[in-house]
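Undergrad: got a predicted structure here, sequence first:
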Number of protein chains: 2
Amino acid sequence: MKSEFLKNWETQMKKGLLPFFVLQSLSTKEQYGYELIQELKSSFGIDVTESTIYPLLIRLMKENMLSHNWVEQPSGIPRKYYSISTEGKKHIKK
Amino acid sequence: MKSEFLKNWETQMKKGLLPFFVLQSLSTKEQYGYELIQELKSSFGIDVTESTIYPLLIRLMKENMLSHNWVEQPSGIPRKYYSISTEGKKHIKK
DNA sequence: ATATAATACATCGTATAACAAAGTATTATA
DNA sequence: TATAATACTTTGTTATACGATGTATTATAT
């Protein structure tokens, strides 16, 4: 089992790395929140919860790194698709 | 001038990276707090304040990553020298 | 002589961000 | 008919960097 120290270290690492991975991931294609959670897991091996990703996306919106548009589905809940802005693209080159 | 966004991003990055850099730096030689601040600046280009480094060192002590011993100076304030523990060495291999 | 800077430690309050928990709503599966 | 999966959201807690402030000693500048 993972020590409290390592578990906490990982959490703190995410505070810096998550915005980068999200911008990186969205620079390949538009994605919605729930999809991003699975993408971050499969592509980067990062576990993220919904209460992390949704506030983060809202924050990146406020910073003008992202834009979004609701897309109605033929069935089920509509999805909020996010795409990276010109501003956002500038920031992932670091 | 650096944007608020980038300034904040850097702060969040440090929350994950600082423990690593401190352990890394202490694995080469024993160092005291004030010395570490200058070392992190010159070797890694990282700006750290005293109100960051001292609590961090205390935390790493509690986690058994470090040990320390006071060293009296021929003149001036005594220095608290930190050295990395066996436990700490294990953790920087990641 | 006297103020300022540099050295060296420490603590308090604030802001940021991940995360557990809980909630709403729809559709698929057991 | 309940449970899981999909999809979004909010509230409260916790960890940590950092500005500000404080104490104390020594060196440098005015």
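TA: Looks like it came in fine.

Undergrad: list the contacts of the spatially most central residue of chain A.
TA: In chain A, the centroid-proximal residue (C-alpha atoms, centre = their mean) is residue A:22; its distance is 3.7 Å. By C-beta atoms under 8 Å, 6 or more residues apart in numbering or on different chains, residue A:22 lies in contact with A:36, A:40, A:53, A:56, A:57, A:60. To be clear about C-beta, it is placed using only N, CA and C from the backbone, and glycine gets the same treatment.

Undergrad: cutoff 7 Å now
TA: A:36, A:56, A:60 (C-beta atoms under 7 Å, 6 or more residues apart in numbering or on different chains).

Undergrad: quick check, nearest of those to residue B:65?
TA: Distance to residue B:65 across these (C-beta to C-beta) is lowest for residue A:56, with 29.2 Å.

Undergrad: let me know the helix or strand that the closest one is in.
TA: Assigned by DSSP states H and E, residue A:56 belongs to helix A:50-62.

Undergrad: tally up the residues packed near the residue of chain A found nearest DNA strand C, please.
TA: Nearest residue of chain A to DNA strand C: residue A:51, at 2.8 Å (C-beta to the nearest atom of the strand). Using other C-beta atoms under 10 Å in any protein chain shown, the number of residues around residue A:51 comes to 8.

Undergrad: got a pLDDT number for the closest residue in space to residue A:46 that isn't next to it in sequence?
TA: Excluding the flanking residues, the one nearest residue A:46 by C-beta to C-beta, 6 or more residues apart in numbering or on different chains is residue A:40, at 4.6 Å. At residue A:40, the pLDDT value in this model is 97.
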